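Undergrad: Mind folding the following:
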Amino acid sequence: MPDTKKLRNRIRSVQSTLHLTHAMELVASSKIRRANAAREASGDHAAAFRKAMDALAASDACARSPWMRQSEDGKTLLVVIAGDRGLAGGYNANIFRAMREWPDVEVVPIGKRACDRYHPGDENARILAEGYTAAHANDLAQSLCQRFESGELSRMGILYTRLVSMMSQVPELRWILPLQPPGEAPKTGMVFEPDEETILNAAVPAFVAGEIMACVQESFASEVAARRNAMDSAGKNAREMIDDLQLQYNRARQGAITQEITEIVAGGNA
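TA: The predicted model follows:
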């Protein structure tokens, strides 16, 4: 017969876990609206900037720009964005799994989990994803652009998590540099003064910063959605486990009572 005391302790333990998962689900839910608003704003900014960069990259004047240089001499660098915490389903694991395809690249991590994985023990390199600011993005973009312009880097991309829906988030790699001319020149009606190449050289660092910021905001919104889904699933599992344990406890308690009654009756008849 199951031990009722052990079952009671187990039920209390699972109930404690249920309270924790419910609290974390509420916290994640409270952050979703703000995270989505920031994601949409930075995404719109990056999309508008990308349209202007496509127009510049399509111009003959920019064809020989160092920002469009195709070379295999330098390093490939990836900015890898992961979360600051766990308990978000496969959010962090999916990013690290995607990185297996790029074993020999230089990594610039954003997010505590990414920093701990790629720069363990280096507190100066630890940049959190939540609360990431435009100043962080600008500083990183200036540094990376200098390295690319000097020829140290030949290619630079961002590995982040794209929010497909509140139930689906997928890792995605976005290449930023070198700039690629669009297959077809966009019809924008833009006029660049003093000239396209001057504007391109001045705009690239801001463009890279905008792309980094947009990817960080997209990833953070994905992390919050993934955590809410994970905590919701964990809560459902905990409630099912409590129901099952409660049923076992009731049966064990009923069995114990029946046994006591049987022993009393047997003793009275003796």
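
Undergrad: what ranges of the stretch 1-150 of the chain fall below the confidence cut-off?
TA: 1-2, 124-125 (pLDDT under 70).

Undergrad: Okay, helices next: where are they in it?
TA: Counting by DSSP state H, counting those that start in this stretch, one finds helices in the stretch 1-150 of the chain at the ranges 4-57, 91-98, 112-118, 134-149.

Undergrad: Quick check: which of those is nearest to residue 222?
TA: Proximity to residue 222 (CB to CB) singles out helix 91-98 among the helices of the stretch 1-150 of the chain, at 6.6 Å. Quick note: C-beta positions are derived from backbone N, CA and C, even for glycine.

Undergrad: Nearest to the spatial middle of the protein, which residue is it?
TA: residue 219 (3.8 Å; CA atoms, centre = their mean).

Undergrad: looking at it, that residue is touching residue 81, isn't it?
TA: Yes - using CB atoms under 8 Å, residue 219 is in contact with residue 81, at 4.4 Å.

Undergrad: Quick check: neighbours shared by those two?
TA: 111, 129, 160-161 (CB atoms under 8 Å, 6 or more residues apart in numbering).

Undergrad: What is the nearest of the residues you listed to residue 26?
TA: Looking across the shared contacts of residue 219 and residue 81 and measuring by CB to CB, the closest to residue 26 is residue 129, at 20.5 Å.

Undergrad: can you give me phi and psi for the closest one?
TA: phi -80, psi -40 (degrees, to the nearest 10).

Undergrad: related to what we said a few turns ago, nearest to residue 223, out of the helices of the stretch 1-150 of the chain?
TA: helix 91-98 (5.3 Å).

Undergrad: hmm, who's touching that closest one?
TA: Contacts of helix 91-98 (CB under 8 Å, 6+ apart): 80-83, 86, 113-114, 117, 159-161, 169-171, 173, 222-223, 226-227.

Undergrad: Filter these down to the buried ones.
TA: Buried positions within those, assessed by neighbour count (16 or more other CB atoms under 10 Å), are 80-83, 113-114, 117, 159-161, 169, 171, 222-223, 226-227.

Undergrad: Now do stretch 262-269, average pLDDT.
TA: What stretch 262-269 shows for mean pLDDT is 67.

Undergrad: likewise stretch 156-163?
TA: 94.

Undergrad: that older thread, wait, which of the buried ones among the contacts of helix 91-98 is closest to residue 195?
TA: residue 160 (33.4 Å).

Undergrad: Can you give me the distance of the closest residue to residue 175 other than its chain neighbours to residue 212?
TA: In this structure, residue 175 finds its nearest non-sequential neighbour in residue 157, 4.3 Å apart by CB to CB, 6 or more residues apart in numbering. Separation of residue 157 from residue 212 (CB to CB, to the nearest Å): 11 Å.

Undergrad: list residues touching both of these two?
TA: Residues touching both residue 157 and residue 212 by CB under 8 Å, 6+ apart: residue 79.

Undergrad: These two: which is more packed in?
TA: The neighbour comparison of residue 157 against residue 212 (other CB atoms under 10 Å) goes to residue 212, with 27 against 19.

Undergrad: Sort out for me which of the contacts of helix 91-98 are in strands.
TA: 80-81, 159-161, 169-171, 173 (DSSP state E).

Undergrad: Make JSON lines from those residues and add distance to residue 138 to it.
TA: Below are the ones in strands among the contacts of helix 91-98 laid out as JSON lines (distance: CB to CB, whole Å):
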{"residue": "80", "distance to residue 138": "19"}
{"residue": "81", "distance to residue 138": "17"}
{"residue": "159", "distance to residue 138": "20"}
{"residue": "160", "distance to residue 138": "18"}
{"residue": "161", "distance to residue 138": "22"}
{"residue": "169", "distance to residue 138": "27"}
{"residue": "170", "distance to residue 138": "28"}
{"residue": "171", "distance to residue 138": "25"}
{"residue": "173", "distance to residue 138": "22"}
